[in-house]
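A.B. asks: okay, predicted coordinates and the sequence, questions at the end:
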Amino acid sequence: MTLYYRPLPIPHGRYPLAGGWIRFSQVEILERGRPPRVGNAIPAEVLERLTAPRPALAGLSLDRPRVMGIVNATPDSFSDGGAYDPAGHGRQLIHEGADLLDIGGESTRPGAAEVPVADEIARITPAIRALSGSAPVSVDTRKAPVALAALEAGAAMVNDVSGFDFDPALPPLVAQAQVPVCLMHARGLPATMQDDPCYDDVLLDVYDALEARIRRAEAAGIPRAHIVVDPGIGFGKTQAHNLAILRRISLYHGLGCAILLGVSRKRFIGTIGKAEDPADRSPGTLALTLAAVAQGVQVHRVHDVRGLVQGLRLWQAVNDNEKAE
């Protein structure tokens, strides 16, 4: 039976987690069909993956949390579709402290329909051209032609919410371009992904699915050093599934890649936090983000950059043990 090892973060642990700001000494050992148990014996290859510093992402070191600002060049995003000029909004997010931007032209909210390639390109390329000289830009797309146009416009990274499940032409394109890619876990297409999603064990099922996506990317010529993983909160998952992943998200460091988390303004935050309007979900987003930062998650994709940056600064001030001593 396969064993999974989740590092248990503590302030002064023996090992650095992914070369970052969190340390650990023990692991929680997970196994299908058995209760979790805590142990000190960590196989050498597992320890190497858990401790190895993650390579820089589009020139950004990952020894501290990074903020990815969301720029929706879509009229139908669940949160802010059509509410602003994408280039102007991107400049504002950079001013507020975003380390990089994620620009997308196709909504992947539950129930969303596919956007034609030409429309998606037309939506995103002006903003990418306008912003790529000011901050690293990631293109949020599932489609190779869109990714190619974005890279030619100045994008430095691809963020594929399908994890290479949608377009078989995208992996070789990313490999040839030698850019980083985020592979997200999603079950089904946006139009149907929330139709009664089921898992045997969501935490481990998502881990295995991401591992398979990484292997597929490596087979296409993409080195693991260029791969970021995203467990896909809200993509083919219920509220219970989302919470199960967030409670133990440090498990995914065992994949040997940086982790990206996108929880910003998600529906379950509104349900639990009693905030029907997505714009009112920033406090809940911050709470979940800081919980993930405490488990070593490196990249945080958010709408409200100003509030998140402020929260991170306070979290870091409180947890800066060396300066406090």
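C.D. replies: Arrived safely.

A.B. asks: now do the strands in the stretch 201-325 of the chain.
C.D. replies: 227-230, 258-261, 299-302 (DSSP state E, counting those that start in this stretch).

A.B. asks: nearest to residue 10 among those would be which one?
C.D. replies: Nearest to residue 10, of all those, is strand 258-261, at 18.7 Å by C-beta to C-beta. Placement of C-beta: from N, CA and C, glycine included.

A.B. asks: what are the ranges of the helices in this protein?
C.D. replies: Ranges of helices within the chain are 44-51, 86-96, 117-131, 144-153, 170-177, 202-219, 239-247, 267-273, 282-293, 305-318, 321-324, based on DSSP state H.

A.B. asks: reformat the strands of the stretch 201-325 of the chain as JSON lines; add distance to residue 18 and mean pLDDT.
C.D. replies: Output for the strands of the stretch 201-325 of the chain, formatted as JSON lines (distance: least, C-beta to C-beta, whole Å; pLDDT from 0 to 100):
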{"stretch": "strand 227-230", "distance to residue 18": "12", "mean pLDDT": "98"}
{"stretch": "strand 258-261", "distance to residue 18": "7", "mean pLDDT": "98"}
{"stretch": "strand 299-302", "distance to residue 18": "12", "mean pLDDT": "98"}
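
A.B. asks: using JSON lines, lay out these together with mean neighbour count and distance to residue 27.
C.D. replies: Shown next, in JSON lines, are the strands of the stretch 201-325 of the chain (neighbours: other C-beta atoms under 10 Å; distance: least, C-beta to C-beta, whole Å):
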{"stretch": "strand 227-230", "mean neighbour count": "24", "distance to residue 27": "19"}
{"stretch": "strand 258-261", "mean neighbour count": "26", "distance to residue 27": "17"}
{"stretch": "strand 299-302", "mean neighbour count": "25", "distance to residue 27": "23"}
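
A.B. asks: ok, back up a step: please identify the deepest-packed of the helices of the chain.
C.D. replies: When you average the neighbours per residue for each of these (mean count of other C-beta atoms under 10 Å), helix 144-153 leads with a mean of 22.

A.B. asks: what about stretch 60-69, distance to the chain center?
C.D. replies: 11 Å (C-alpha atoms, centre = their mean, to the nearest Å).
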